[in-house]
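Chemist: Dropping a prediction and its sequence here:
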Amino acid sequence: MRDARGAAKAVQLLDLLEEFFDGGKRWTRGDLWDGHGRRCIRGAMEYLRRRHAIRWDPTTHYLLQAIPGGWPLISLCAGHAQ
């Protein structure tokens, strides 16, 4: 079932995000990547998708459903990705 696979991939990416951010130590705002290993949520999602070959997942959709007004959190990272 496609929905179940998508949900499983979203859970996988959310787990990877939690591990990546390490209690906030690797978090930054306003930039996809700060050059020192810290990333915003969108930058971290892009990085982890590439690193773990996650080709499609509905994580952004679920985050937008869970966080009222969450679009700026996800969409407004500026700068460059590494």
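Modeler: Arrived safely.

Chemist: any idea of the pLDDT on Arg2?
Modeler: You'll see Arg2 listed with a pLDDT of 63.

Chemist: meant to ask about Arg55, not that
Modeler: Looking at Arg55, the pLDDT reads 87.

Chemist: now swap in Cys77 and tell me
Modeler: For Cys77, the predicted pLDDT is 74.

Chemist: ok, now the one 3 residues further on?
Modeler: Looking at His80, its pLDDT stands at 48.

Chemist: what does Ile41 give?
Modeler: Value for Ile41, per-residue pLDDT: 90.

Chemist: One more: the one 3 residues further on?
Modeler: At Ala44 the predicted local confidence, pLDDT, stands at 94.

Chemist: hang on, it is in a strand, isn't it?
Modeler: No. Ala44 is assigned helix when assessed by DSSP: H, G, I helix; E, B strand; the rest coil, not a strand.

Chemist: what residues are up against the closest residue to Arg42 other than its chain neighbours?
Modeler: Spatial nearest neighbour of Arg42, excluding adjacent residues (C-beta to C-beta, 6 or more residues apart in numbering): Cys77 at 4.5 Å. C-beta: built from backbone N, CA, C; applies to glycine. Counting by C-beta atoms under 8 Å, 6 or more residues apart in numbering, Cys77 makes contact with Arg29, Gly30, Asp31, Leu32, Cys40, Ile41, Arg42, Gly43.

Chemist: Closest to Leu63 out of the residues you listed?
Modeler: Closest approach between these and Leu63, by C-beta to C-beta: Ile41, at 7.8 Å.

Chemist: My read is that that closest one contacts Leu73, right?
Modeler: Yes. With contact defined as C-beta atoms under 8 Å, Ile41 counts as touching Leu73 (6.2 Å).
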